[in-house]
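[1] sequence? don't have it. structure:
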């Protein structure tokens with residue numbers, strides 16, 4: 001069974017920074033893309049950023065220039081450095097992994113539990 005465990009959320013003032021981390025575990029052989037989604041109260045979940053094994057990153061328009069995603073393939077860990085935070089970034093942030101190959105199964109998509117980010121104005 002694959003687990004994604006995220007950490008690093010918290011309360012920060014507008015303009016501040018936070019760094020989220022997410023580690024995947026569970027007899028993993030390889031992971032294609034990893035990334036982060038978020039869900040604000042009353043809204044649908046949106047994909048914020050993804051990064052491939054080779055390091056190609058993508059961002060939703062609202063976070064471009066403020067958020068930076070990175071990845072440690074050896075540790076199956078993905079990070080999200082969030083700078084210039086705005087109140088509208090307030091949401092539960094979920095770690096995501098695509099095409100996770102384990103010793104017994106390939107998981108097309110895995111989501112972890114959320115970590116809450118609250119940005120005060």
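    Looks like it came in fine. None of these values were measured; they are calculated from a predicted model.
[2] Only C-alpha atoms from now on, for both contacts and neighbour counts.
    Fine.
[3] what residue of the chain is the furthest out?
    In terms of distance from the mean C-alpha position of the chain, residue 104 ranks first, at 25.0 Å (C-alpha atoms, centre = their mean).
[4] Backbone dihedrals for that one, please?
    Backbone torsions of residue 104, given as degrees, to the nearest 10, read phi -120, psi -10.
[5] For it, give me the pLDDT.
    Per-residue pLDDT puts residue 104 at 91.
[6] what's the spacing between it and residue 23?
    Distance of residue 104 to residue 23, given as C-alpha to C-alpha, to the nearest Å: 20 Å.
[7] Skipping its backbone neighbours, what lies nearest the residue nearest to the spatial centre of the chain in space?
    What sits nearest the mean C-alpha location of the chain, by C-alpha atoms, centre = their mean, is residue 36, with 2.5 Å. Spatial nearest neighbour of residue 36, excluding adjacent residues (C-alpha to C-alpha, 6 or more residues apart in numbering): residue 95 at 4.7 Å.
[8] what's the helix or strand for residue 119?
    Residue 119 is located in strand 115-120, with elements delineated by DSSP states H and E.
[9] Go through that strand and flag the buried ones.
    The neighbour-count check on strand 115-120 (16 or more other C-alpha atoms under 10 Å) flags 115-120 as buried.
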